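1. Compute the structure for the input listed below.
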Amino acid sequence: MRLPIMLDSHKKIVYERLNEAPKLYETDGEKIKRVIVKLFHPMFTLYVVEYDPNKKLAFGYMENESDRYLSEWGYSDIEELIELGFEMDLYFENRVINSKGSISCEEEAVNV
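-> Numbers count the residues shown, from 1 in each chain. Okay, here's the model as predicted:
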């Protein structure tokens, strides 16, 4: 029997938080976007800014932890990431991201 990688209670929290995200393409053109969920793995971190609950597809910035130059914006299948062992940072809140992938507090972005 295979053990679940993420507990169902944690999955529920992930999906509840993702459902608070703007729908895909709603933030097009915005230079600074609010990060709704941070999912991490030893090699990658995904900062989700948009989400399609029907397709379980997220749009965000995937940071490559071993080579930052390989980080990029794109689409990710949330179910696949969970199966790969990604976890949600439960304490990551009130952050924004710019087009270059720089993270800051919402308050800092407002004052820029």
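2. Please report how far the closest residue to residue 95 other than its chain neighbours lies from residue 98.
-> Among residues not flanking residue 95 along the chain, residue 35 sits closest, at 4.6 Å (C-beta to C-beta, 6 or more residues apart in numbering). For the C-beta atoms, the positions are set from N, CA and C on the backbone; glycine is no exception. From residue 35 across to residue 98, the span is 11 Å (C-beta to C-beta, to the nearest Å).
3. Of those two, which one has the most company?
-> A direct count of neighbours by other C-beta atoms under 10 Å for residue 35 and residue 98 places residue 35 higher, at 21 against 15.
4. wait, isn't the more buried one in contact with residue 45?
-> No - using C-beta atoms under 8 Å, residue 35 makes no contact with residue 45, being 10.6 Å away.
5. can you tell me how far the most centrally placed residue in the chain sits from residue 15?
-> Residue closest to the mean C-alpha point of the chain, counted by C-alpha atoms, centre = their mean, is residue 48 at 2.5 Å. Separation of residue 48 from residue 15 (C-beta to C-beta): 12 Å.
6. residue boundaries of the strands in the protein?
-> Ranges of strands in the chain, per DSSP state E, are 32-35, 37-40, 44-52, 57-64, 72-77, 87-88, 95-98, 103-105.
7. Please name the strands paired to the second one in the sheet, noting orientation.
-> Sheet pairing here is set by DSSP bridges, and for strand 37-40 it gives strand 44-52 (antiparallel), strand 87-88 (antiparallel).
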